[in-house]
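Undergrad: Quick one, what's the 3D model for this:
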Amino acid sequence: MHSHITGVILAGGKSSRMGVNKSFLKLGNQTIIERLVDLMKSIFSEVIIITNTPDEYKFLNIPLYEDIYKWKGPLAGIHSALIHSKSERIFVLACDLPFISKEMIEYILDYPTAKPVVFCQAGGFHQPLVGIYSKSILPNVENFLSSNDFSDKSFHTFLKTIDVEIIHPENLPFYKEELFFNLNTTEDYLKLIDLWQTFTF
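TA: Predicted coordinates:
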């Protein structure tokens, strides 16, 4: 159990492509958000959710915080988490990554680096919504959030301005493509249900 780093679930997105809140979609007997909360609680002694619709998540009985910079994407969620966490570092997990495993999270947590941000590159893409962020970047985050027009690319633009450790996990014995499966559309959910029948963690 990690007590010196806070587990953070980002659940602030509008789910506009799905038309419903994707974190409440069912996987077996649980919703996606319930599965991720259980997973994070098995790793971190402090777990919080960042969401702009906190009333929807009260049933989970864990601390809920809203973005301070409203509707400015995942970077605003990370900013709020860094402000509200009791720890100097946070581990961020987006609510639309249902296959992420405890092994993958532990590997990132144990990766030897002094850099303030740590995440993977998998499937040819950076995966910054499964990673570590340190409070030392707060001035950079606040400066960026307060001075930039936002687009889908803004978060990735910000990441180019700070020192990041990028992990390449494809050769790890427990690595599977599905670990970073991202749920965005109804078609993704149908694929997810199909994959869930045979996926083993």
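Undergrad: Might you list the low-confidence residue ranges for the chain?
TA: Judged against pLDDT under 70, the low-scoring parts of the chain cover residues 13-19, 148-153, 196-201.
Undergrad: can you give me the helices for it?
TA: Remark: helices assigned in the chain by DSSP state H are 32-41, 74-84, 102-110, 138-147, 154-159, 186-196.
Undergrad: Check the ones you listed for me and report the most buried one.
TA: Highest mean neighbour count of the helices of the chain: helix 74-84, a mean of 22 (counted as mean count of other Cβ atoms under 10 Å). The way it works is simple: take the backbone N, C-alpha and C, and place the C-beta from them, glycine included.
Undergrad: can I get the CA coordinates of that one in CSV?
TA: Output in CSV follows, covering the C-alpha atoms of helix 74-84 (Å, rounded to 0.1, in the frame of the first residue of the first chain):
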residue,chain,number,x,y,z
PRO,A,74,-7.4,16.7,-18.2
LEU,A,75,-4.7,19.2,-17.3
ALA,A,76,-7.2,21.1,-15.2
GLY,A,77,-8.1,17.8,-13.4
ILE,A,78,-4.5,17.1,-12.7
HIS,A,79,-4.1,20.7,-11.4
SER,A,80,-7.0,20.2,-9.0
ALA,A,81,-5.6,16.9,-7.8
LEU,A,82,-2.2,18.4,-7.1
ILE,A,83,-3.8,21.2,-5.2
HIS,A,84,-6.1,18.9,-3.1
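Undergrad: tell me what that helix is packed against?
TA: Under the contact criterion of 3 or more Cβ pairs under 8 Å, 6 or more residues apart in numbering; DSSP states H and E, helix 74-84 touches strand 5-10, strand 47-50, strand 64-65, strand 89-94, strand 125-134, helix 138-147, helix 154-159.
Undergrad: again, only using 7 Å
TA: strand 5-10, strand 47-50, strand 89-94, strand 125-134, helix 138-147, helix 154-159 (3 or more Cβ pairs under 7 Å, 6 or more residues apart in numbering; DSSP states H and E).
Undergrad: Provide the strand pairings for the first one, with the direction of each partner.
TA: Looking back up the chat, that one is strand 5-10. Strand 5-10 has these partner strands in its sheet, going by DSSP bridges: strand 47-50 (parallel), strand 89-94 (parallel).
Undergrad: List of residues touching stretch 171-188?
TA: Surrounding stretch 171-188, the residues in contact under the criterion Cβ atoms under 7 Å, 6 or more residues apart in numbering are 17-18, 22, 96-101, 103-104, 107, 122-123, 127, 130, 169, 189, 192, 195, 199.
Undergrad: Just the buried ones from those, in PyMOL syntax?
TA: Typed into PyMOL, the line below selects the buried ones among these, using 16 or more other Cβ atoms under 10 Å:
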select buried, resi 18+22+96+97+98+99+100+101+104+107+122+127+130+169+189+192+199
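Undergrad: If the spatially most central residue of the chain is in a bridge, with which residues?
TA: The centre of the chain sits closest to Leu93, judged by Cα atoms, centre = their mean, with a distance of 1.9 Å. For Leu93, the beta-bridge partners are Ile9, Val130 (DSSP bridges).
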